[in-house]
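Visitor: Give me the fold of what follows.
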Amino acid sequence: MNVKVEKSGIGHRIGAKVRDYKMLIKFRLTLTVVFSSVMAFLIAAQTGVNPVAVLVLALGGFLVTGAANTLNQVMEKDFDRLMKRTMDRPLAAGRMQISEAVMAAGLMSLFGISLLAMFNPWTAFLGTVAMLSYAFLYTPLKRITPNAVAVGAIPGALPVMIGSAAAEGQITLLALALFALQFCWQFPHFWSIGWLGYEDYRNAGYKLLPAKSQQDRNTGKQSLLYALFLAPISALPFLMGISGAISLGIVLALTAGYAWFAWRFYRDCNRKAALGLMFYSFFYIPVALIAFYFDKI
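Guide: Okay, the predicted model is just below:
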């Protein structure tokens, strides 16, 4: 009986530790980052794709992103305690020591960058820039200026450039086009989230909206502007002869929908409109990248 209880206790502790590490690295967010990088790799690949290369890219990107998210939580643990959505994170809740998290971040960054370096120097360099700029520029700036969203959009868009560089060995026009697409997409996405969590973020001292209050429609106006920027950007793969007319039509329609939700957010400036924009934004990048890949010429 004692043996069973002891085994059950060990299993519970292991499960709890796994859950804590999933929260520490923001597991689902990290998977979406890896997905965008892998899709960019597949779009940019000129010949048959080596499955091992895809696995190495995915694992390297996963580790680097996990390291960046871990460092983010190390720096924000005291502020995470002030927000309902983050107070249960392992560092904020006191279930994990800072030293353990820092060591985990160090190991993940070491192995992650090493795996990206197996492709070429560009992938290792861009991975390092993404991790450091997210952790040490974007993270502290969130409490200083709303311009932090623009700074954070750079490491947020670098995964597609990393995937493209891994396939092509250099930074090409395609890499820049995919980067621009994901860069502009992030503004309506993050501002809708920031609007919905306005009180929580304000309690922690974060300044994420390009407006003085939720009632200020400037957030919706700026969201609409960036959504409209996506129209010419989404046509670039077609104009470069990389994808065909089918994906062009799909992504332009997708962009029109994004602009419509952003316009409604600007017009109504309420929770329903912000939720609509946020949920629509979740589908934009995956659908756009999948369309480019399957319509690749």
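Visitor: Quick check: which ranges of the stretch 1-150 of the chain have low pLDDT?
Guide: 1-8 (pLDDT under 70).
Visitor: Which residue ranges of it form helices?
Guide: Using DSSP state H, counting those that start in this stretch, the helices of the stretch 1-150 of the chain run over 2-24, 27-44, 51-80, 98-117, 121-133, 139-141, 148-168.
Visitor: Including distance to His189, could these go into CSV?
Guide: (Glycine included, C-beta is placed from N, CA and C.) Converted to CSV, those look like this (distance: least, C-beta to C-beta, whole Å):
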stretch, distance to His189
helix 2-24, 21
helix 27-44, 11
helix 51-80, 17
helix 98-117, 24
helix 121-133, 17
helix 139-141, 18
helix 148-168, 9
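Visitor: out of these, which comes closest to Lys212?
Guide: helix 148-168 (15.4 Å; C-beta to C-beta).
Visitor: Would you mind writing the CA trace of that closest one as CSV?
Guide: C-alpha atoms of helix 148-168 as CSV (Å, rounded to 0.1, in the frame of the first residue of the first chain):
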residue,chain,number,x,y,z
ALA,A,148,6.8,48.1,-27.3
VAL,A,149,4.2,46.3,-29.5
ALA,A,150,6.2,47.5,-32.6
VAL,A,151,9.4,46.3,-31.0
GLY,A,152,7.9,43.0,-30.0
ALA,A,153,6.5,42.5,-33.5
ILE,A,154,10.1,42.1,-34.8
PRO,A,155,11.0,38.9,-32.9
GLY,A,156,7.4,37.9,-33.4
ALA,A,157,7.9,38.0,-37.2
LEU,A,158,11.4,36.6,-37.3
PRO,A,159,10.4,32.9,-37.3
VAL,A,160,9.2,33.0,-40.9
MET,A,161,12.4,34.7,-41.9
ILE,A,162,14.4,32.0,-40.0
GLY,A,163,12.5,29.3,-41.8
SER,A,164,13.0,30.9,-45.2
ALA,A,165,16.7,31.5,-44.5
ALA,A,166,17.1,27.8,-43.4
ALA,A,167,15.8,26.7,-46.8
GLU,A,168,17.5,29.3,-49.0
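Visitor: Please work out which of the helices of the stretch 1-150 of the chain is packed deepest.
Guide: helix 148-168 (a mean of 24; mean count of other C-beta atoms under 10 Å).
Visitor: Next one, pLDDT for the closest residue in space to Ser133 that isn't next to it in sequence please.
Guide: With C-beta to C-beta, 6 or more residues apart in numbering as the criterion, Ser133 has its nearest non-adjacent residue at 4.7 Å, and that residue is Pro155. Pro155 carries a pLDDT score of 97 in this model.
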